[in-house]
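Engineer: here is my input; please provide its structure:
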Amino acid sequence: MEKSRLGIFIVFGMFYSCSLHTNKNITPDVISSDSVVQEVVQKEPVIEPVRAKDIRVSKELLYDKYTLDDIYPYKDTTRCFQWDKIKKGLALLETIQQEHSQWGIVQNYKNRNGEAPLVRHYVRNAYGRVADTLGVERYQSVPLFLLTDTLVPERYVQDGELTRLVGSEGSFVRAQPIFTGGEWMIPQKYVKAIGDTVVFDHTIFIDRQNQNIATLERVKAKKWKVRSMNPSTTGRHRPPYAQETPLGMFVLQEKKVKMVYLKDGSKATGGYAPYASRFTDGAYIHGVPVAVPRTAQIEYSWSLGTTPQSHMCVRNATSHAKFVFEWAPVNETIIFVLE
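Structural biologist: Numbering: from 1, shown residues only. Just a heads-up that it's a prediction; the model follows:
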């Protein structure tokens with residue numbers, strides 16, 4: 001993914017193309033020189049975007065183990081929770097929910113809905129896999145077609161991205177992926193509708209730069225409570241197997257008490273990760289992995305909060321992963337991965 005795009009993500013400018021809808025004023029029509037019909041001017045409500053400075057965040061922890069401070073020491077420097085970026089994410093979430101919408105999730109975990117067709121322009125990345133020119137891999141992703149061309153896709157979008165559904169045309173859905181931006185045509189088989197009554201009151205922020213994780217819950221409009229602040233470990237770039245946890249805005253899609261994983265390059269079981277909550281591709285928020293032949297859970301690892309170690313997943317203390325597993329509802333929790 002290009003650096004410029006990441007910068008845009010940081011300020012959340014590309015997430016949401018909320019246009020202000022107003023009808024043009026209707027000029028009274030002159031019927032005759034002595035009679036004028038005054039028409040009532042009606043305007044649709046103007047949706048004012050919520051700003052980061054409007055968001056109020058306070059701490060009321062529901063999980064209080066291994067809790068980090070806002071700014072905390074790390075080696076010979078410090079790390080922090082980037083509250084400015086977190087508030088921008090919360091403001092975005094508040095803004096998009098002001099308008100009644102039909103929500104959906106784009107899905108193609110392990111290509112279950114069919115391998116995405118080749119995009120118009122593609123490259124092979126460091127892992128030898130096909131990706132679009134913005135770095136999104138074909139594998140497990142969903143094709144985006146221009147409104148004017150449903151023959152060859154223009155680019156890919158990550159599995160799990162929150163999407164506003166605008167309408168349907170034949171075998172396609174007209175949709176607006178919130179993180180990716182724009183309006184696209186997507187084959188219906190890649191889109192799961194989750195309804196127009198869903199409210200996103202639970203959020204999880206994963207910080208790749210500072211290797212931490214925060215969970216927040218909305219208690220009232222523009223007011224959020226911090227439920228936990230913990231060290232985590234994200235995915236690392238290490239071809240051909242380990243990959244970074246992708247940046248984006250995703251919906252929590254499924255949970256597994258035990259997520260069994262394989263040894264690299266093998267079909268043999270490597271172990272399991274406890275209390276796994278999947279949000280995109282094969283990326284889960286989970287506890288400390290348990291490698292075979294061990295079977296007992298491991299509560300904590302020295303690597304948490306240090307440097308990326310995982311295969312795309314977000315590693316946590318096992319008790320914190322259990323808290324997330326029980327606290328965060330499927331299809332109603334938004335995960336932000338930021339830099």
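
Engineer: per-residue confidence for residue 34?
Structural biologist: Residue 34 is assigned 40 on the pLDDT scale.

Engineer: quick check: the gap between residue 261 and residue 220.
Structural biologist: With distances taken as Cβ to Cβ, to the nearest Å, residue 261 is found 40 Å from residue 220. All C-beta spots, glycine's among them, are computed from the backbone N, C-alpha and C.

Engineer: ugh, wrong one, residue 316
Structural biologist: Residue 316 is 28 Å from residue 220, by Cβ to Cβ.

Engineer: can I get the host helix or strand of residue 174 as PDB, trimmed to CA atoms?
Structural biologist: Taking DSSP states H and E as the criterion, residue 174 maps to strand 172-177. This file holds the C-alpha atoms of strand 172-177, laid out as PDB (Å, rounded to 0.1, in the frame of the first residue of the first chain):
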ATOM      1  CA  PHE A 172     -24.000  -6.700  -8.800                       C
ATOM      2  CA  VAL A 173     -24.300  -4.600  -5.600                       C
ATOM      3  CA  ARG A 174     -23.700  -0.900  -5.800                       C
ATOM      4  CA  ALA A 175     -21.600  -0.200  -2.700                       C
ATOM      5  CA  GLN A 176     -19.400   2.300  -0.900                       C
ATOM      6  CA  PRO A 177     -16.600   0.700   1.100                       C
END
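
Engineer: just checking, next helix/strand downstream of it?
Structural biologist: Taking DSSP H and E, what comes next after strand 172-177 is strand 184-187.

Engineer: what's in contact with that next one?
Structural biologist: If you take Cβ atoms under 8 Å, 6 or more residues apart in numbering as the criterion, strand 184-187 is touched by 106, 142-147, 150, 154, 157, 163, 169, 171-177.

Engineer: and for residue 118, the neighbour number?
Structural biologist: 13 (other Cβ atoms under 10 Å).

Engineer: same question for stretch 240-257, mean pLDDT?
Structural biologist: 97.

Engineer: now do the helices in the stretch 201-339 of the chain.
Structural biologist: 318-327 (DSSP state H, counting those that start in this stretch).

Engineer: which one's more surrounded, residue 316 and residue 220?
Structural biologist: Counted by other Cβ under 10 Å, residue 316 and residue 220 do not tie: residue 316 has more neighbours, with 31 against 8.

Engineer: pLDDT wise, what is the more buried one at?
Structural biologist: On the pLDDT scale, residue 316 gets 98.

Engineer: mind checking how far the spatially closest residue to residue 98 that is not a sequence neighbour is from residue 181?
Structural biologist: In this structure, residue 98 finds its nearest non-sequential neighbour in residue 47, 5.2 Å apart by Cβ to Cβ, 6 or more residues apart in numbering. Noted for residue 47: a distance of 17 Å to residue 181, by Cβ to Cβ.

Engineer: my guess is residue 136 meets residue 154, correct?
Structural biologist: No - taking contacts as Cβ atoms under 8 Å, residue 136 lies outside contact range of residue 154: 11.4 Å.
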